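A.B. asks: The sequence and its predicted three-dimensional model are supplied below.
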Amino acid sequence: MQLTIFLVATTLLYNTYYVKNKNTEEPIEVEIESDSNTNNFTNIEYSGFDLNGNRYVLNAGKANFKTETPENINMKDVVANFYLEDGTILKVEGDEGFYNNITLDIEFRENVKATYLTNTLLSDQINYSNSDGKLLVTGNVRGESIEKGEFFADNVEYDLINKTLDFSMFNNKQVNVKFKN
């Protein structure tokens, strides 16, 4: 039974990573634990292009997926770099995460930090929905800009298609924004 799972996982890995993304440099280690329905990996890397044509590289220290849903990858120690069309880089980090290798949707959780140029965004969670063209930042959202100041909110939603930004708070509180002079 474990040999069959190993062979299926190896074939899946070969077809997913070697054929589609030949630029993966580090070998992927498969660990088979007592739960034969879960495949575990260490030091993984996914790379590709989002629907806007931006290249990204997603790394995780540990990851796993259920054999029934191999497209849903749960990750720990997650770091993603998005290489934007204008030559800048958006870096997003989180203690935990989730990646769907079909829709290319990415979720970052726990101690999330996003950095872009001189801007930093801290939150509990960031959901990048490639399929919907939205970036949703939730939970204790704090944004800092060296040039412009800082803000605090419960939710921030960025529509990547329409280039609009919405801030919101729970319980009818106001978004707190401090501008620098």
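C.D. replies: All right, it came through fine.

A.B. asks: now the chain, which segments are flagged as low pLDDT?
C.D. replies: 1-35, 171-181 (pLDDT under 70).

A.B. asks: Just give me the residue closest to the centre of it.
C.D. replies: residue 106 (3.8 Å; Cα atoms, centre = their mean).

A.B. asks: so it touches residue 59, yeah?
C.D. replies: No - in this structure residue 106 lies outside contact range of residue 59 using Cβ atoms under 8 Å: 11.7 Å. Backbone N, C-alpha and C define where each C-beta goes, glycine included.

A.B. asks: Overlap of the contact sets of these two?
C.D. replies: When contacts are counted by Cβ atoms under 8 Å, 6 or more residues apart in numbering, residue 106 and residue 59 are jointly contacted by residue 80.

A.B. asks: Next, count neighbours for residue 111.
C.D. replies: As a burial measure, residue 111 scores 12 neighbours (other Cβ atoms under 10 Å).

A.B. asks: what's the answer for the one 5 residues further on, then?
C.D. replies: The burial count assigned to residue 116 is 15, neighbours taken as other Cβ under 10 Å.

A.B. asks: Which residue ranges of this structure form strands?
C.D. replies: 29-31, 38-49, 55-66, 72-83, 89-100, 106-116, 119-129, 134-145, 149-159, 164-168, 176-179 (DSSP state E).

A.B. asks: Residue 37 versus residue 75, what's the distance?
C.D. replies: Distance of residue 75 to residue 37, given as Cβ to Cβ, to the nearest Å: 18 Å.

A.B. asks: err, residue 95, not the other one
C.D. replies: 24 Å.

A.B. asks: Neighbour count for those two, which is higher?
C.D. replies: Neighbour count, other Cβ under 10 Å: between residue 95 and residue 37, residue 95 has more, with 14 against 9.

A.B. asks: Not counting its neighbours along the chain, what's nearest the more buried one?
C.D. replies: Nearest residue to residue 95 in three dimensions, chain neighbours excluded: residue 110, at 3.7 Å (Cβ to Cβ, 6 or more residues apart in numbering).

A.B. asks: who's in contact with the one you found?
C.D. replies: Taking Cβ under 8 Å, 6+ apart, one finds 94-96, 124-125 in contact with residue 110.

A.B. asks: Okay then, goodbye and thanks.
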